[in-house]
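Asker: One predicted model, sequence on top.
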Amino acid sequence: MRSSRHPAAVGALAAVVLVLATGTAPASAVRTVDKVPVAVGTGGAVATVDPEATAAGLEVLRRGGNAVDAAVAAAATLGVTEPFSAGIGGGGFFVYHDGASGTVHTIDGRETAPQRMTSESFTEGGKAIPTTEAITSGLSAGVPGTPATWATALDRWGTLDLRQALHPAIAVARRGFVVDQTFVSQTQDNAARFGLFTSTADLFLPDGAPPEVGSVFRNRDLADTYRLLAKEGVDALYTGPLAQEIVDTVQRPPVVPGSTANVRAGLMELGDLASYTAPLREPTHVSYRGLDVYGMAPPSSGGSTVGEALNILETVDLSVLDDTQATHRYLESSALAFADRNRYVGDPDAVEVPLEELLSDGFAAERACLVDPDAALTKPVAPGAPDGSYGGCGASATGGAEGTEGTSTTHLTTADQWGNVVAYTLTIESTGGNGIVVPGRGFLLNNELTDFTFVPSQGDAPDPNLPGPGKRPRSSMSPTIVLQDGEPLLALGSPGGSTIITTVLQVLVGRLDRGMTLLEAVAAPRATQRNTAAVQAEPGFPRPALEALGHTFTTTAEIGAVAGIELLDDGTFMAVAEPARRGGGSAGVVDEG
Ligand code: GLU
């Protein structure tokens with residue numbers, strides 16, 4: 001039987017429910033879909049950042065599809081309505097709890113570097129090339145993993161085929177959706193670089209400017225591309241006609257005539273696409289206060305870093321500490337875990353990642369021993385030594401500096417009546433990816449390869465995240481599923497580059513240790529400490545008592561955008577999306593009755 005440690009006060013939730021209309025559609029065929037941050041009911045649930053995507057997932061569930069089918073349908077719809085965060089030009093990580101067997105599986109849909117890439121591909125004269133030039137380039141585009149992820153998920157665990165799963169997204173792409181402020185702002189923020197490419201300007205800057213709030217945005221090119229995949233399977237992209245078009249776009253970006261921008265060409269070739277695979281990987285697992293927490297293994301650092309931080313936190317009983325001490329512990333555990341991820345985590349097919357040791361209680365005890373209840377550690381902290389020999393207090397290695405990552409991406413969570421649950425985070429890296437639409441195909445390419453460190457960042461120690469042929473850049477994506485007594489309790493994830501890890505950690509601590517409901521934990525002001533001198537915090541985050549302990553802060557408007565689902569004591573689902581961040585997300589259940 002499903003149960004939760006802190007039964008949600010469902011009645012109290014009504015007070016914080018916001019219903020945000022997305023605007024008025026001038027075209028009658030376009031539906032106006034409400035944004036709802038929390039929904040409680042039976043039959044299954046979906047939480048995403050977008051009402052069309054949530055509606056697509058729910059439609060699939062209502063027709064008898066399972067959580068995997070719903071996740072693919074919702075993800076494909078996000079490719080339409082959130083084209084700057086996700087789509088078939090990118091990659092992601094899919095974590096799945098199989099209700100029938102009670103096991104957790106993951107798909108690594110991370111983009112790969114071309115075979116021609118070397119550890120020096122992002123350097124010039126021994127120095128890193130300017131980040132802005134890398135961001136908007138063919139060079140930063142990795143081989144997309146999202147189509148292979150969808151195909152693998154459906155083949156293994158779905159009940160629909162790709163054609164059926166793409167159906168709702170094709171409908172939205174054809175009839176259009178109502179443009180909201182977030183879509184407009186993201187277009188505005190990227191207008192200069194979108195304007196550099198004929199294909200991107202044609203699609204996203206109609207009449208030379210971003211579309212208006214409340215207007216209807218259609219993407220018939222993408223509808224046709226999805227149809228091609230529906231008909232021919234994802235081979236159409238990896239070995240078929242799309243492969244050549246992607247290679248052409250990467251090698252010769254369609255820069256507008258007369259532009260003097262330095263747009264670097266990419267290294268991708270047909271063979272890189274043809275040899276792409278989205279492998280199944282063992283999930284990470286830690287036991288946390290009697291619960292089982294599953295996450296994404298390398299090349300994501302999500303599972304190992306959330307897991308290590310939880311292991312450090314578990315050495316004290318957070319539920320009896322005051323808010324300041326509990327938050328202090330959260331910040332310190334995160335800084336320590338980030339030092340270790342920066343030093344040790346990369347693509348496991350290219351570097352040796354000491355995953356088991358990073359997630360061991362012995363290593364966590366050694367790291368936890370460094371935490372001083374009365375004073376913040378000086379950051380950056382050095383990484384520890386996950387060498388299997390523990391007992392001291394944080395034996396230190398060298399390195400540990402933080403890398404750089406983007407701030408876009410999207411996360412969705414689905415659950416069905418058969419105990420299947422999906423936590424799926426997908427991305428094209430920067431908001432707007434590399435800024436280049438494949439001409440006539442309706443989707444942006446990723447710039448995921450900017451998640452590599454461009455030059456060695458770990459001092460005398462080796463950097464696990466330098467570029468290399470066929471290598472997958474380290475990610476922070478942290479799709480997470482928590483089981484209690486073998487049954488799903490909670491599933492969640494977030495966008496936000498390396499802040500994904502701290503967002504997931506903070507929500508888990510809020511929900512599992514601090515007596516918050518999932519909605520309260522999601523809505524609470526966030527702070528992120530990734531082994532940097534100052535903590536980044538949202539404006540509402542309480543600081544003075546933490547400053548007294550030595551933490552310093554900078555302010556950032558918003559951190560992350562969580563979508564999660566909890567299975568409540570009475571067997572109902574509670575879907576939760578952001579009440580306010582990124583314009584609010586969209587939660588839904590099959591039957592609210
Ligand atoms: N590319 C990032 C990663 O894989 C995610 C980007 C983001 O969330 O903004 O960790």
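Answerer: Looks like it came in fine. Numbering: from 1, shown residues only.

Asker: can we go C-alpha only for contacts and neighbour counts from here?
Answerer: OK.

Asker: Just list the residues touching the residue in the stretch 51-200 of the chain positioned nearest to the ligand, thanks.
Answerer: Closest approach between the stretch 51-200 of the chain and the ligand, counting by CA to the nearest ligand atom: Gly92, at 7.4 Å. Gly92 makes contact with 108-111, 145-146, 149, 424-427, 477, according to CA atoms under 8 Å, 6 or more residues apart in numbering.

Asker: Phi and psi next, for it.
Answerer: When read as degrees, to the nearest 10, the backbone of Gly92 gives phi 170, psi -180.

Asker: Which phi and psi values does the spatially closest residue to it that is not a sequence neighbour adopt?
Answerer: Distances taken as CA to CA, 6 or more residues apart in numbering put Leu426 closest to Gly92, at 3.9 Å, once the chain neighbours are dropped. Reported as degrees, to the nearest 10, the phi and psi values for Leu426 are phi -130, psi 160.

Asker: What pLDDT does the model give Leu426?
Answerer: Looking at Leu426, its pLDDT stands at 98.

Asker: just the one 3 residues further on next, same as before
Answerer: We have a pLDDT of 95 for Glu429.

Asker: Neighbours of the residue nearest to it when sequence neighbours are not counted, how many?
Answerer: Nearest residue to Glu429 in three dimensions, chain neighbours excluded: Glu448, at 5.1 Å (CA to CA, 6+ apart). Neighbourhood size, Glu448 [other CA atoms under 10 Å]: 32.

Asker: circling back to that earlier point, please report how far the residue of the stretch 51-200 of the chain closest to the ligand lies from Met477.
Answerer: Remark: distance between Gly92 and Met477 (CA to CA, to the nearest Å) = 8 Å.

Asker: Please apply the same query to Pro462.
Answerer: Between Pro462 and Met477 the computed distance is 23 Å (CA to CA).

Asker: Between those two, point out the one with more neighbours.
Answerer: Met477 (34 against 15).

Asker: Tell me the secondary structure of the more buried one, please.
Answerer: Following DSSP: H, G, I helix; E, B strand; the rest coil, the label given to Met477 is coil.

Asker: May I have the phi/psi pair for it?
Answerer: Note on Met477: backbone dihedrals following degrees, to the nearest 10 are phi -60, psi 140.

Asker: cool, and the one 4 residues further on?
Answerer: Its backbone dihedrals place Ile481 at phi -130, psi 130, with angles given as degrees, to the nearest 10.

Asker: which residue packs closest to it, ignoring adjacent ones?
Answerer: Once flanking residues are discounted, Ile481 sits nearest to Ala491: 4.3 Å by CA to CA, 6+ apart.

Asker: who's in contact with that neighbour?
Answerer: Counted by CA under 8 Å, 6+ apart, Ala491 has contacts 413, 421-423, 479-482, 564-566.

Asker: and of the residues you listed, the nearest to the ligand?
Answerer: Pro479 (11.0 Å).

Asker: Could I get the CA-only coordinates of whichever strand in the chain runs longest as CSV?
Answerer: Taking DSSP state E as the criterion, the chain has its longest strand at strand 38-48. The C-alpha coordinates for strand 38-48 follow below in CSV (Å, rounded to 0.1, in the frame of the first residue of the first chain):
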residue,chain,number,x,y,z
VAL,A,38,-1.7,21.2,-8.1
ALA,A,39,-4.2,18.5,-8.9
VAL,A,40,-5.3,15.5,-6.7
GLY,A,41,-7.2,12.5,-8.0
THR,A,42,-7.1,9.0,-9.3
GLY,A,43,-6.3,7.1,-12.6
GLY,A,44,-2.9,8.7,-13.2
ALA,A,45,-1.2,12.1,-13.2
VAL,A,46,1.0,14.3,-15.3
ALA,A,47,3.0,17.4,-14.3
THR,A,48,4.9,19.5,-16.8
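
Asker: any weak-confidence spans in the chain?
Answerer: For the chain, the stretches flagged by pLDDT under 70 are 1-33, 394-395, 397-407.

Asker: got the contact list for the residue located most distally from the centre of it?
Answerer: Farthest-out residue of the chain from its mean C-alpha position, per CA atoms, centre = their mean: Gly258, at 36.7 Å. Residues in contact with Gly258 (CA under 8 Å, 6+ apart): none are found.

Asker: need the residues of the stretch 451-593 of the chain near the ligand, please.
Answerer: Selection of the stretch 451-593 of the chain residues close to the ligand by CA under 6 Å from any ligand atom yields 451, 475-477, 495-498.

Asker: Swap in 5 Å and give it another go.
Answerer: The stretch 451-593 of the chain comes close to the ligand at residues 475-477, 495-497, as judged by CA under 5 Å from any ligand atom.

Asker: Can I get these in TSV including distance to Thr239?
Answerer: Below are these laid out as TSV (distance: CA to CA, whole Å):
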residue	distance to Thr239
Ser475	26
Ser476	29
Met477	28
Pro495	30
Gly496	32
Gly497	30
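
Asker: First-to-last residue distance for stretch 231-246?
Answerer: The first residue of stretch 231-246 is 19 Å away from its last residue (CA to CA).

Asker: Could you tell me how far it lies from the centre of the chain?
Answerer: Put simply, stretch 231-246 sits 25 Å off its chain's centre (CA atoms, centre = their mean, to the nearest Å).

Asker: Report whether the expected contact of Leu196 with Pro257 is present.
Answerer: No - in terms of CA atoms under 8 Å, Leu196 does not count as a neighbour of Pro257; the distance is 9.0 Å.
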